[in-house]
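S.K.: quick one, structure for this:
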Amino acid sequence: IDTKLYVKIIEDTLKKESYDILAISAMFIMSQRWVSDSLKYSKKYNPNAKIIIGGGYPTIYPEYVLRKHDIDVSVVGEGDDTFLHVVNRLNNIVDEKFDKKFSFEGYAGKDSSGKIFFVPRKKGFIDLETLPPATYEWLDIKNYFKKSGNNILPIEASRGCPYGCTYCNTFISWGKSVRYKNVDNLINEMSNLKLNYGAQLHFVDDNLSFNKDWTVKWLDKLAEKKLDLSVSCSNFHYRRLDEEILDKLFKIGVQEISIALETGSDSMNRKIQRRLDWERAKRVVDHVRKRGKRSAVFWMLGFPGESMKELNETFRLAKKIKSTRNLFSVVTPYPGTKLWDNAKDLNALIVDDNSIMDLFYYRTSKGNLRSKEWTTEKINDMAYDAQIDLNFLSSPGLETDHERKFLKSWLQNTILRYLPQHIIANILLAHFHKEDKEYEKSDHYYKKSMELFLNEDLKKNFQKYLHWDNKIIKGFLDYSSKEDAMLTSQLLAG
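M.R.: Numbers count the residues shown, from 1 in each chain. Below is the predicted model:
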């Protein structure tokens, strides 16, 4: 990725635009670079504009961002109402009706002397039944879809999470009570997005099916409309899913169910304040497969104090659950979470509360945790091997026609589109074409894999998988032996 190009896009955009207020969304701590660049060019080309920032970064560090950057106001967490309050005040607009309905809180600012102050949200979160739907009238949707590479628009039905997982701080943004939109309003919103923009819809909720009564009512009413939707969802809590809800989700157009199990270790689940109901999780995944749909399971590796035994329990259950896809990520504790405090108590943190840039640096390169049993580099290697095993060479998706069809499409349209030098993806795609008697395409991807192995860096990354006892690897070696026996011998000798 050419990061210099992003900087140029930021500068070119701010140079040609005229505005009174610049609103910046910084979802992550790692967004600091883009915040700084945006501010630099805004001050250069439009020095009188006021700056508002929102998103995950100022939500965790509302006062820090004002000290770090030349920003006027930071919005904390849920900002639909707070943002409008800020805009009104910056423009000397008084809206008594709005002010009476929504308290002005959840932000950090500066007083006339430049002193920073913080106003936490105390009077509660927004009633979603009164919240108007997001409007896309000001957005060039066709251009947005073109640049996105798809026609997906985000949508939400609910906010809030009552669970107490130690690694999560979503409650800061949305609260611990799950709030839902009015069923009819939500259906109208979905219908309008489909009718006006032809959009596929992606729900970003943390706990979409938390309230079963609301969920069933919504899904039944939506199914009656027969809107012919394409719907995807970020995440479900598996203990809030059953066969009834799954079947109703499939009826409205959902093709994949994503759940987060995080760790396969009972002891680690207790430490992070989760409870693993393995039998229920397995029933969810089995039912998804039975209905000809796909599943994805998220796992976290390298918790503070986690042992190699506990890590291997996660890999064992990931293999056992037979999900279409398994996604592994390395744990990163963030300030404001119980996990951060636990890591400090265990003396497992490499960084400290005051070193946010170090937090970013170590997260992206070395990790920010230490252990006597593993390093972040070791966990990254283990995770990558598991990805190759469970998502490619030994994927449960190879066992069913519908998952196999998905994997083939996924390889062609996603993996090799963005990672054309992924040798194992090329080998697996060659295998699919061979099974489908598409021999010309199979030869193409087998030969491409052989050519990629001539690159020393790629050879270093992928050579070890040629020694795995796997039929897909064996098929590649049989082909390469016939085409170039010397190369094959060299690869196996390495």
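S.K.: which parts of the stretch 201-350 of the chain are strands?
M.R.: Using DSSP state E, counting those that start in this stretch, the strands of the stretch 201-350 of the chain run over 231-233, 256-262, 294-301, 325-330.
S.K.: C-terminal to the lowest-mean-pLDDT helix or strand in the chain, what's the next element?
M.R.: In the chain, no helix or strand scores lower on mean pLDDT, DSSP states H and E than helix 356-364, which sits at a mean of 54. Using DSSP states H and E, the helix or strand that directly follows helix 356-364 along the chain is helix 376-388.
S.K.: quick check: buried residues in the helix or strand following that following helix?
M.R.: For helix 376-388, the following helix or strand on the C-terminal side (DSSP H and E) is helix 401-410. For helix 401-410, the neighbour count (16 or more other Cβ atoms under 10 Å) marks 403, 404, 406, 407, 408, 410 as buried. In short, each C-beta sits where N, CA and C put it, glycine included.
S.K.: go ahead and confirm the fifth one touches residue 429.
M.R.: Yes: contact status for residue 408 versus residue 429: in contact at 6.9 Å, counting by Cβ atoms under 8 Å.
S.K.: okay, now the unreliable bits of this structure?
M.R.: Scanning the chain with the threshold set as pLDDT under 70 gives 1-3, 352-366, 494.
S.K.: centre-most residue in it?
M.R.: Against the mean C-alpha coordinate of the chain, by Cα atoms, centre = their mean, the closest residue is residue 234 at 7.6 Å.
S.K.: list the contacts of it.
M.R.: Residues in contact with residue 234 (Cβ atoms under 8 Å, 6 or more residues apart in numbering) are 202, 203, 204, 205, 206, 258.
S.K.: the fifth one is in contact with residue 171, isn't it?
M.R.: If I follow you right, that is residue 206. No: using Cβ under 8 Å as the test, residue 206 is too far from residue 171 to be in contact (9.7 Å).
S.K.: between the two, which has more neighbouring residues?
M.R.: Using other Cβ atoms under 10 Å, the more surrounded residue of residue 206 and residue 171 is residue 206, with 23 against 19.
S.K.: please name the nearest non-neighbouring residue to the more buried one.
M.R.: Residue nearest to residue 206 in three dimensions, not counting chain neighbours: residue 161, with 4.6 Å by Cβ to Cβ, 6 or more residues apart in numbering.
S.K.: again, but for residue 400
M.R.: In space, residue 400 is closest to residue 289, 6.3 Å off (Cβ to Cβ, 6+ apart).
S.K.: roughly how far does that neighbour sit from residue 402?
M.R.: For residue 289, the distance to residue 402 equals 8 Å [Cβ to Cβ, to the nearest Å].
S.K.: for the closest residue to residue 475 other than its chain neighbours, what are its contacts?
M.R.: Closest residue to residue 475 apart from its sequence neighbours, by Cβ to Cβ, 6+ apart: residue 431 at 5.7 Å. Each residue near residue 431 by Cβ under 8 Å, 6+ apart is listed here: 442, 472, 475, 476.
S.K.: among those residues, who's most crowded?
M.R.: Counting neighbours by other Cβ under 10 Å, residue 476 leads these with 27 neighbours.
S.K.: many thanks, I have nothing further to ask.
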